[in-house]
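# just a sequence and a predicted model for now, questions to come.
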Amino acid sequence: MIFGRSERGKPPVEPVTLKILVAGGFGVGKTTLVGAVSEIRPLRTEELLTEAGRPVDDTSGVEGKHTTTVAMDFGRITLREDLVLYLFGTPGQERFWFMWDELSEGALGAVVLADTRRLEDCFAAVDYFERRSIPFLVGVNCFEGSDRYPVDDVRRALDLDPDVPVVLCDARDRGSVKEVLIGVVQHAMAYAAAHRQAVTT
Amino acid sequence: MSGDVQGRSHWFDDEAGPVVRPYAMTRGRTTSAAQHRLDLIAVVVTEPHADDPEADRMLSPEHVDIVELCRDVPQSVAELASELDLPIGVVRVLIGDLVDGELVHVNRPVPPAELVDESILRDVINGLRAL
C-alpha cells in the first residue's frame, strides 16, 4: 500500500455514491445478478447479530454460540470516476429485517427478484418496499425449466400497483441485468416526479 | 479470589489471536458518537496530512490499514469492512476514531430525495447503457 502512491498534493477523486438493493427469496439469484454487472467479484460484508436477533433466534442446541453473523453480498459499478453505483443483495431471512432498514435508507430503488416457481418467496420484499415508499421493480428471473408466465399474470399474482414495472430477465446475463437496473433508475425518476406533483397539487 | 480473576485476564497473549472478540479492537465500544449509523456507501477519504499513521501510537494496525487503503482511492464503509474482514459495526467505530483524530473525513451519500437536479440519475442511466 505504501508503494505506488500518487503524487503528493493531488487529492483523490471523491465520488458520489448511490445504491440499489436486490431483494427476493433465498436462492432466487440475487448474488448472480450482482455478479453479472459488478466490476468486482461480489464482496461479502458481515455484521454481528446481537440484541436484534436474540428474541427470535432459536439457539437451542447451540447455546454456546453467542453471536451470529448476517452477511450481505455487494458489487460495485464505477459509472464515472466521480459516480459509483453499489448493488446490495439483501439478507434473505426475514429475521434480518433490521439490516434491511439500514440498507434501504437512502437507496435509490430496489429490484425484487422473483422465481415463478416460488412467487410467494418475494411477497415479503414487495410488502417491505411498498410500505416504505421505496421505488422498486419486479424482475422475473427466467430459470430454465420454469414456465414463462406473462408479465400480467405475475403482476396480478403479486397484487402490484399499476405503476410498478414488471420485467422478465436473466440474472446471469449482463445485458439483461443492465436493462433491469436502467428500469429501476427510470422508475425512481418517474416515482420522484409523481411524488413532487402530488405534493404541489 | 479477585486476584485469581485478575491474573487470568492477563493470561492470553498475542498468539492467542482467534480468541479475541471483534469488538476488542474497539476496546469494547460498539458505537461512535460522531459516526452513528454511518451509511454503508459513505466514502472514507484520507486527509493529505495523514502521511505517516504508523508513527501514531494511538492507532491500532486496523486504523493504519484504513488510512492507507483510503489514501489513493477513497473507499466505502462496505468495501473497508470486506477488505479488512471485519464486521461493519467494528469498522464504523474505527472510522469514528480516525475522524476524531482528523486523519480521514467521510462523505455521506446524498439521499435520493435531495437529488434536486435529476441530471445525476440521467448520468446513471447513461453510464449503465455504456457498460
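Thanks, I have it.

# nearest spatial neighbour of the closest residue to chain A within chain B, skipping sequence neighbours?
Proximity of chain B to chain A (Cβ to the nearest Cβ) peaks at B:Gly127, 2.9 Å away. From N, CA and C alone the C-beta is placed, and that goes for glycine too. Nearest non-adjacent residue to B:Gly127, counting by Cβ to Cβ, 6 or more residues apart in numbering or on different chains: A:Leu79, 2.9 Å away.

# ok, and what's touching the stretch of helix or strand the one you found belongs to?
A:Leu79 belongs to strand A:68-80 when assigned by DSSP states H and E. Residues from elsewhere that reach strand A:68-80 (Cβ atoms under 8 Å, 6 or more residues apart in numbering or on different chains): A:15, A:30-31, A:34-35, A:37-40, A:42-49, A:53, A:57, A:84-91, A:96, A:99, A:103, B:40, B:78-79, B:82, B:87, B:123-124, B:127-128, B:131.

# that one pairs with which strands?
strand A:43-49 (antiparallel), strand A:83-89 (antiparallel) (DSSP bridges).

# in a markdown table: the ones you listed, plus distance to A:Arg117.
A markdown table is the format used below for the strands paired with strand A:68-80 (distance: least, Cβ to Cβ, whole Å):
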| stretch | distance to A:Arg117 |
| --- | --- |
| strand A:43-49 | 27 |
| strand A:83-89 | 20 |
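
# tell me the most buried of the ones you listed?
strand A:83-89 (a mean of 23; mean count of other Cβ atoms under 10 Å in any protein chain shown).

# which element follows that one toward the C-terminus?
Next along the chain after strand A:83-89, with elements defined by DSSP H and E, is helix A:97-104.

# output the lowest mean pLDDT helix or strand found in chain A.
Across the helices and strands of chain A, mean confidence by mean pLDDT, DSSP states H and E is lowest for strand A:43-49: a mean of 78.

# just the CA coordinates for that one, please, in PDB.
What follows is strand A:43-49, C-alpha atoms only, in PDB (Å, rounded to 0.1, in the frame of the first residue of the first chain):
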ATOM      1  CA  LEU A  43     -17.800  -9.000  -1.900                       C
ATOM      2  CA  ARG A  44     -19.200 -10.100   1.300                       C
ATOM      3  CA  THR A  45     -19.600  -7.900   4.300                       C
ATOM      4  CA  GLU A  46     -20.900  -9.100   7.700                       C
ATOM      5  CA  GLU A  47     -22.500  -7.700  10.700                       C
ATOM      6  CA  LEU A  48     -22.700  -9.300  14.100                       C
ATOM      7  CA  LEU A  49     -26.100 -10.200  15.200                       C
END
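
# which residues touch it?
Taking Cβ under 8 Å, 6+ apart as the rule, strand A:43-49 contacts A:57, A:67-75, A:96, A:99, B:22, B:40, B:78-79, B:81-82, B:87-89.
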